[in-house]
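# Sequence plus predicted model, see below.
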Amino acid sequence: MVSYEQYQEGFVMRIKERSISKRIILTLHYLLRMFRELNYVKLVSPYRGNVVPSTLLSDVIMSNDVFGSTLGIQPIIGEAKAPCNCVVARISDLGNAMVLKSGKTEIVINIGLDYERYRKEQFKTLVEVGQKIKKGHNLIAFDLNSLYEQDRYFVCTVTVKPTKANTFTRFINAKNVDYDTIICNVNLG
């Protein structure tokens, strides 16, 4: 038979063991959360201008977020910059759009949506396919005045394509953005 002192001593030991295992579990949980957060990157705005919600975009494909979550911006400066550290995956023939890849996530940068109206001379691509670039690096320079003259609903977009790790992207709710404004968090998967 177990004495009261032995029972109490065993009880105290179980509590100590539990608290140690609880501390270990909490530490592992914290480390796991930190590891998950390491896969996230904060995207900054590639444009400086006024925000246009995707539901108000004139292009039906963009407004319905068919290719991914989209944020429209009416630019006030004629240049697009990299929203994060990434690699240039593709550049359109016209030079007004490109796909950037960061981890497994693809980010599509579009300068204007009415491609038939634009000319190649209005865009100057400042990067090449396969080039590794840092956040804030100039991607495309464009003739803002001539684009607004041709397309009075001229708007630029940034689209985050969905992946297994990143099925839905929620953009900020703001009236205007600058190049250093964080527009969303993306899981790079």
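It's in.
# how many other residues sit next to Ile77?
14 (other Cβ atoms under 10 Å). In this view, the C-beta of every residue, glycine as well, is placed from N, C-alpha and C.
# Please renumber the chain so that the first residue is 15 from this point on.
Understood, numbering begins at 15; the last thing we discussed is Ile91.
# what's near enough to touch it?
Ile91 makes contact with 61-63, 158 under the criterion Cβ atoms under 8 Å, 6 or more residues apart in numbering.
# The spatially most central residue of the chain bridge partners, please.
Taking Cα atoms, centre = their mean as the criterion, Leu57 is the residue nearest the geometric centre of the chain, at 4.1 Å. Taking DSSP bridges as the rule, Leu57 bridges to Cys198.
# So for it, what's the pLDDT?
For Leu57, the pLDDT comes out at 91.
# try Ala179
57.
# again with Ser77
45.
# Lys56: neighbour count?
The local packing of Lys56 (other Cβ under 10 Å) involves 12 other residues.
# got the contact list for the nearest residue to it once chain neighbours are set aside?
For Lys56, ignoring the flanking residues on the chain, the nearest one in space by Cβ to Cβ, 6 or more residues apart in numbering is Ile196 at 4.7 Å. By Cβ under 8 Å, 6+ apart, Ile196 lies in contact with 56-58, 186.
# okay, the residues you listed in a markdown table with distance to Asn201 next?
Shown next, in a markdown table, are those (distance: Cβ to Cβ, whole Å):
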| residue | distance to Asn201 |
| --- | --- |
| Lys56 | 11 |
| Leu57 | 11 |
| Val58 | 17 |
| Ile186 | 17 |
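# Tell me which of the contacts of Ile91 fall in strands.
Gly63 (DSSP state E).
# Neighbour-wise, which one of the contacts of Ile91 leads?
Result: Tyr61 is most packed of these (other Cβ under 10 Å), 29 neighbours.
# That residue reaches Asn190, doesn't it?
No - counting by Cβ atoms under 8 Å, Tyr61 stays clear of Asn190, with 10.1 Å between them.
# Looks like Cys198 contacts Val55 (just checking).
No - shown here, Cys198 and Val55 do not form a contact pair, counting by Cβ under 8 Å, at 9.6 Å.
# In contact with the residue nearest to Gln136 when sequence neighbours are not counted, which residues?
The shortest distance from Gln136 to any non-neighbouring residue, by Cβ to Cβ, 6+ apart, is to Asp157 (4.6 Å). Each residue near Asp157 by Cβ under 8 Å, 6+ apart is listed here: 92, 135-137.
# Having no further points to raise, I will conclude here.
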